[in-house]
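>>> Test case, fold it:
(one chain, ligands or ions: 1)
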Amino acid sequence: MRVKQGADCRGLKEPITSKFFIIEECYRHAVSPAEFTFVITCGTDSHEDRPTSLHNAGLAIDIRIWFLSPGQVTQLVTDLQYYLGPDYDVVAESDHVHIEADLREV
Ligand SMILES: [Zn+2]
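So this is what the prediction gives:
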């Protein structure tokens, strides 16, 4: 696992950090091994303009996907949603996959 230069992962909370291993395994499964690098492009940084973003609360990360095919992205999102379970939201954005721990009480 690598963190993009400039991305800030300080302040990420346990519901996210405890899932790094699962996220990395899903990534490894979706991406062929030769290309494998799991890169976090955004942690608690870069969302000052969106106060309600869970990035600010340390409960969301973005991961790099630009070298994945659309099929690999679909596979990755499907796997992440399955293995992280209903307490996590996984969203494919144009240039990254956003993962957040949705801890709101029902
Ligand atoms: Zn995000």
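>>> Sticking with the residue of the chain found nearest the ion, tell me its helix or strand.
Relative to the ion, the nearest point of the chain is His98 (3.5 Å; Cβ to the ion). Using the backbone N, CA and C atoms, a C-beta is placed for each residue, glycine as well. When elements are assigned from DSSP states H and E, His98 belongs to strand 96-101.
>>> what mean pLDDT does that strand have?
For strand 96-101, mean pLDDT is 94.
>>> Return it as CSV; C-alpha atoms alone will do.
C-alpha atoms of strand 96-101 as CSV (Å, rounded to 0.1, in the frame of the first residue of the first chain):
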residue,chain,number,x,y,z
HIS,A,96,-11.0,7.3,-8.1
VAL,A,97,-13.0,5.0,-5.9
HIS,A,98,-14.3,6.6,-2.8
ILE,A,99,-14.7,4.4,0.3
GLU,A,100,-16.4,5.6,3.5
ALA,A,101,-17.5,4.1,6.7
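>>> Make residue 1 into 24 and carry on from there
From this message on, residue numbering opens at 24, which makes the last subject strand 119-124.
>>> Other residues contacting that strand?
Residues outside strand 119-124 that contact it (Cβ atoms under 8 Å, 6 or more residues apart in numbering): 36, 38-39, 42, 46, 64-65, 77-78, 82-88, 96, 99-100, 103, 107, 110-115.
>>> Filter the residues you listed down to just the buried residues.
Buried members of those, scored by 16 or more other Cβ atoms under 10 Å, are 38-39, 42, 46, 64-65, 77-78, 82-88, 96, 99-100, 103, 107, 111, 113, 115.
>>> Give me the helices and strands touching the helix or strand harbouring Ile46, please.
Using DSSP H and E, Ile46 sits within helix 43-53. Applying 3 or more Cβ pairs under 8 Å, 6 or more residues apart in numbering; DSSP states H and E, we find helix 43-53 packed against helix 93-107.
>>> I'm done for today, thanks for sticking with me.
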